[in-house]
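In: how does the following fold in three dimensions:
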Amino acid sequence: MKTTYFKICVMLFAVVAVVSSCDDDFLERIPKHGYVAENYYNTDDAVLKAIEPLYNYAWSGYNERAIVGMGSFRANDAWSPYLQGEFARFTITGLTTELMNAWSSIYMVVSMANQLIYDMDTYATDGVSEAVKNQARGEAMLMRGTAYFYLLRGWGDVILYEDNIDATTTPVRPLNTEESVLKFIIRDFERAAQLLPEKGSNNHPSRYVAKALEAKALLAQSGWNKNGQRDEATLRRVVELCDEVINCGQYRLLDNYEDLFRPQFNDNEETLLAMRWADPLLGEYAASNNLISDLAWSDVTDVNCWGGSLHASVDMIDYYNEEPADSFRLRGTFFTPGRRYSYIWSEKGGYTYNRNWIQCKKGVVGTKADCDGHLAQQASPLNTYIMRLADVYLIKAEALLGNNTSTSDANALAAFNATRLRAKLPAKSSFTFEDLIRERRIEFCLEYCNWYDMVTWYRWKPQYMLNFFNSKQHRAFMLNQGDLILNDDKTMSYRCVFPGTNNWYFFDQSGHCYWSDCLRQSETDNTVVQTKKQGYTFNLDSLAQAQGANYSPIVLTEANIFMPYPESDVIQNPYFSQPAVEYVFKEQ
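Out: Below you'll find the model as predicted:
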């Protein structure tokens, strides 16, 4: 533990060495040498440049790979046995590399934010305006609160600290309770909202970004460990904050869902907060979005990538099949048979996906030409969303649903239907909590956030969510090339490879192959033998249990909802084996 914190803090005291002092464009840095904190903070431009690593460099260890497994695979958005399969199987340990990298990276955000606040109070000269000092403090608190929000929903009890010097002199310290962490997060967002400007500029956030995140944290707090009942006063405050953000006039839902995931639309009007990565042409690996290599493959790009195995979970396919008209969000999230993309391989007239499969689309940005030249191996220009306006609408809808089983309240419906109407779907006349889960899963699928919402719901309604995880989700069922057929009614027929194998499908005694909506002649002959109208049934759990001698379903329990702490920290800090304590908040 001491070694971890010491390394982090040493890096942070030297953070000004990686930013330039006067470049106007966000993230276009030309490193200069000779700066130390004592002589760096002399101008507004210098301070604004010092903020920038909080949006990329600090997050790189989390974004490099762990973000997919932690935020999406655990939610069962998608699946690949070759990419962080242990996150989807819930078999990670304190020795899992990506888990350790994520833990260190998110704490790097905390330490960098602490250092920036300290530097504003200690080293910023009269050459820095008070407005920019406050903006720096506000952005630091915004990102520190965001980092702790990830830590809370990933690990539960974690260590809070807001003084790097104190953390290096006393690095072995107890875990703080989940309730303390939530209180800390909300306090940071409240302060950020007070310090940040009314309007953001040059892609730095406005105070309404902090209000949006405060609403999300308060929604979590309203039901966190409260025996299934959310606090009504807190829910009303959530709605007030959401309305402030929605009505401030600075943000709007983009008309085209698909555009949200094209680099030409980075920093769009729907973006509230994002990891903003360095230009791939700068060659700054630690500040670049390197997910492209795990997501893309040679058919869809001209840079070296080794991905392509990531495909939709059967749960997501079932969701899309319930409402085939939800095609705009489907095509923006997954490649499906026959889909054409004019902006991928645009120099060749576009790209048509001709595989009988359903592979990842979000994060796949095409070729160098499709990115105006700004693409390299392990370096995509695409921002990583932390929060966009669609989230605020659905937070408001959830707060207005509150403790009810369903609602037809006009304000709640307007918020809930905002994302549906953008997706060109008919408005609902009422919705339930289950409807809300479904809407969020589709809207934010493969944006590395669905699991964190599920943890929040679990802390509110633990038994409901355990039932959801274990009876309504089907994990680790593999689809391969040839395992999906697009039907005439736009639904998708799929078959599954048995968990833990690469080539064993489900068959009846006559050798007919089980597909999701019909029985087909054999593994290689897709002639339909029996349909659902003719009495065909498809139950993955029953098939797996009946045909797999060694089949063991993935079961989520209270013991594995939260991730284990990194083993090195547990060994070095005896407090990790002791109960968490309340955090002692400092006077401000």
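In: mind checking the SS state of the residue sitting furthest away from the middle of the chain?
Out: Most distant residue from the mean C-alpha position of the chain: S510, 44.2 Å away (CA atoms, centre = their mean). Assigned with DSSP: H, G, I helix; E, B strand; the rest coil, S510 falls in the coil class.
In: phi, psi for it please.
Out: Note on S510: its backbone torsions stand at phi -90, psi 0 [degrees, to the nearest 10].
In: ok, it - contacts?
Out: The contact partners of S510, by CB atoms under 8 Å, 6 or more residues apart in numbering, come to none. Yep, even glycine has a C-beta here, placed from its N, CA and C like the rest.
In: give me the pLDDT for the spatially closest residue to N42 that is not a sequence neighbour.
Out: The spatially closest residue to N42, leaving aside those adjacent along the chain, is G127, at 4.5 Å (CB to CB, 6 or more residues apart in numbering). G127 is assigned a predicted lDDT (pLDDT) of 97.
In: ok, now A88?
Out: pLDDT, A88: 94.
In: you'd agree it is up against G69?
Out: Yes. In this structure, A88 is within contact of G69 by CB atoms under 8 Å, at 7.1 Å.
In: look up phi and psi at Q359.
Out: Torsion angles, degrees, to the nearest 10, at Q359: phi -90, psi 160.
In: count of neighbours near the nearest residue to it once chain neighbours are set aside?
Out: The shortest distance from Q359 to any non-neighbouring residue, by CB to CB, 6+ apart, is to F335 (4.8 Å). Neighbour count of F335, defined by other CB atoms under 10 Å: 25.
In: also W515?
Out: The number of residues packed around W515, counting by other CB under 10 Å, is 22.
In: and it, what does it touch?
Out: Contacts of W515 by CB under 8 Å, 6+ apart are I485, S493, Y494, R495, F538.
In: isn't the residue nearest to Q359 up against Y353?
Out: Yes. Contact criterion CB under 8 Å: F335 and Y353 qualify, at 4.2 Å.
In: tell me, what's touching these two both at once?
Out: Q359.
In: please tell me how far the closest residue to A369 other than its chain neighbours sits from L295.
Out: Leaving aside its chain neighbours, A369 sits nearest to E347 (4.6 Å; criterion: CB to CB, 6+ apart). Going from E347 to L295 by CB to CB, to the nearest Å gives 21 Å.
In: who's more crowded, those two?
Out: L295 (26 against 11).
In: measure how buried the closest residue to P574 other than its chain neighbours is and give me the count.
Out: Nearest non-adjacent residue to P574, counting by CB to CB, 6+ apart: V172, 7.6 Å away. Close neighbours of V172, defined as other CB under 10 Å, add up to 14.
In: do I have it right that V172 meets D569?
Out: No. Using CB under 8 Å, V172 is not in contact with D569; the gap is 9.8 Å.
In: I'd like the mean pLDDT over the helix or strand encompassing L272, please.
Out: Following DSSP states H and E, the helix or strand that holds L272 is strand 271-275. Summarised as a single mean, pLDDT over strand 271-275 is 98.
In: which outside residues touch it?
Out: If you take CB under 8 Å, 6+ apart as the criterion, strand 271-275 is touched by 55-56, 59, 63, 142, 146, 205, 208-209, 212-213, 245, 251, 266-267, 289, 383-389, 391-392.
In: out of those, which are buried?
Out: When the contacts of strand 271-275 are checked for burial by 16 or more other CB atoms under 10 Å, the buried set is 55-56, 59, 63, 142, 146, 205, 208-209, 212-213, 245, 251, 266, 289, 383-389, 391-392.
In: what helix or strand does G332 sit in?
Out: Under the assignment here (DSSP H and E), G332 is part of helix 327-333.
In: I appreciate the help and will end here.
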